[in-house]
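Trainee: Let's see this in three dimensions:
(one chain, ligands or ions: 1)
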Amino acid sequence: MSNIKDIENNILANIFKTNSSEGLQKIKISELGKKGRITLLMKSLSKATNDEKKVLGKSYNELRINVLKAFELKEQEIKDVNIINRIKNEKLDVTLSIRPGENNDEGKIHPISRTIDSIIDIFANDNFTVETGPHIENDFNNFTALNIPDDHPARQDHDTFYIKDRNNIERKLLRTHTSPVQIRTMVNQNPPIRIIAPGRTFRCDDDATHSPMFHQIEGLVIDKNINMGHLKGLIKSFCEEFFEVSNLPVRFRPSYFPFTEPSAEIDIGYNKKGNTIKIGEGSDWLEVMGCGMVHPKVLINCGLDPKEWQGFAFGLGVERFAMLKHGISDLRNFYEGDIRWLDHYGFNLIGGPSNTWLNFKED
Ligand code: PHE
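Mentor: Numbers count the residues shown, from 1 in each chain. Sure thing, here's the model as predicted:
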């Protein structure tokens, strides 16, 4: 028995003397490893008689428990000392990263932000102002006011993320399009109205061409004598400026949206050679946005008299415009946060359109 107490004292003394995790690990292996002293003692029990087993088993177990406890205490002590030393040694120089000329990690503007900025710039030159709205919307602004009542089949096309309302007062949702901003604007501002509304939108969809979060830009013009000719002229000149082509073929195809009447889908001319797309040439058509004259019911829902006011609205997908302009083939690249991809497809801060989008706080 005294022999075992000697072994214990010897191990505890070794543990006590150590002050590094590596040293502690070595002792652990030599005592508790496969061929460690304590392991071999335990193994030797198989050869002992039943009476011996009772006595020896108990003392070996005590030895093992005491040694494990000592290891645990020492490990914690080493950790604490390491932290204290690090705090002492690592003094943070907060001026280090902002010394002029020393920081080479220049950020880039994300292609989505750049595309929104380019589009804002073009419409700003046509006297449009920018309006934003919240991502979490109510049913009225996202659907009902836009002439999509509860039982309307168009609701099924919007794979909506609904949000559980704890108080059950009003059902909320993540807006499925930027159109609720046209409702908010018509309710809160007096016409004439001339706005674009860029921002995030959400639908429950996820593959190479759909992301559950994406960006739209909505346009709305309300005035006394606005007609579809104005809409066509505006969109044609916008697309020509955005895609940097003159005489761009633009086609209006009849379509349906509950909030516009008549409604149309806008196509632009393009040509596809292999995997490259050339906008403005060739005989193929590419769908780029939806539009139409604001439905009289929508005007009424916002407190405007359709006999006095009329106007048009259009909505486009920012990702689609960015992909077409910059030759990006997979939508998912935009949101993977791969720094190498951003370095390649991102834009420098200086030059290009004004970097306005970053200043808009969306919530
Ligand atoms: N809000 C429509 C959508 O997301 C797009 C649109 C906007 C169509 C304005 C017409 C007019 O599908």
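Trainee: Name the helix or strand of this protein that has the lowest mean pLDDT.
Mentor: Here the helix or strand of the chain ranked lowest by mean pLDDT, DSSP states H and E is strand 276-279, holding a mean of 83.
Trainee: Who are the packing partners of that strand?
Mentor: The helices and strands touching strand 276-279, judged by 3 or more CB pairs under 8 Å, 6 or more residues apart in numbering; DSSP states H and E, are strand 260-273. The way it works is simple: take the backbone N, C-alpha and C, and place the C-beta from them, glycine included.
Trainee: how much space between Asp284 and Glu240?
Mentor: To Glu240, Asp284 is 18 Å away according to CB to CB, to the nearest Å.
Trainee: now swap in Asn247 and tell me
Mentor: Asn247 is 8 Å from Glu240, by CB to CB.
Trainee: Looking at these two, which has the bigger crowd around it?
Mentor: More neighbours surround Glu240 than the other of Asn247 and Glu240, with 18 against 9 (other CB atoms under 10 Å).
Trainee: did I read that right, the more buried one in a strand?
Mentor: No. Read with DSSP: H, G, I helix; E, B strand; the rest coil, Glu240 is helix and lies in no strand.
Trainee: From Ser283, how far out is the residue lying closest to it once chain neighbours are set aside?
Mentor: Of all residues not flanking Glu240 in the chain, Leu248 sits nearest, at 4.7 Å (CB to CB, 6 or more residues apart in numbering). Using CB to CB, Leu248 is found at 14 Å from Ser283.
Trainee: and for these two, which residues touch both?
Mentor: Common neighbours of Leu248 and Ser283, counting by CB atoms under 8 Å, 6 or more residues apart in numbering, are Gly269.
Trainee: more crowded one of these two?
Mentor: Neighbours were counted for Leu248 and for Ser283 using other CB under 10 Å; Leu248 has more, 20 against 8.
Trainee: what's the burial count for Gly33?
Mentor: Around Gly33 there are 14 residues (other CB under 10 Å).
Trainee: Can you show me the strands along the stretch 51-200 of the chain?
Mentor: Ranges of strands in the stretch 51-200 of the chain, per DSSP state E, counting those that start in this stretch, are 129-130, 136-138, 162-163, 172-174, 193-202.
Trainee: So for the fourth one, mean pLDDT?
Mentor: Predicted confidence along strand 172-174 averages 93 (mean pLDDT).
Trainee: what packs against that strand?
Mentor: The contact analysis (3+ CB pairs under 8 Å, 6+ apart) places strand 172-174 against strand 136-138, helix 139-142, strand 162-163.
Trainee: Which residues of the stretch 251-363 of the chain lie near the ligand?
Mentor: Taking CB under 6 Å from any ligand atom as the criterion, the neighbours of the ligand within the stretch 251-363 of the chain are 257, 260, 290-292, 313-315.
Trainee: what helices or strands is the lengthiest helix in the chain leaning on?
Mentor: Looking across the chain with DSSP state H, the single longest helix is helix 50-89. Contact partners of helix 50-89 among helices and strands, from 3+ CB pairs under 8 Å, 6+ apart: helix 2-17, helix 21-32, helix 37-44.
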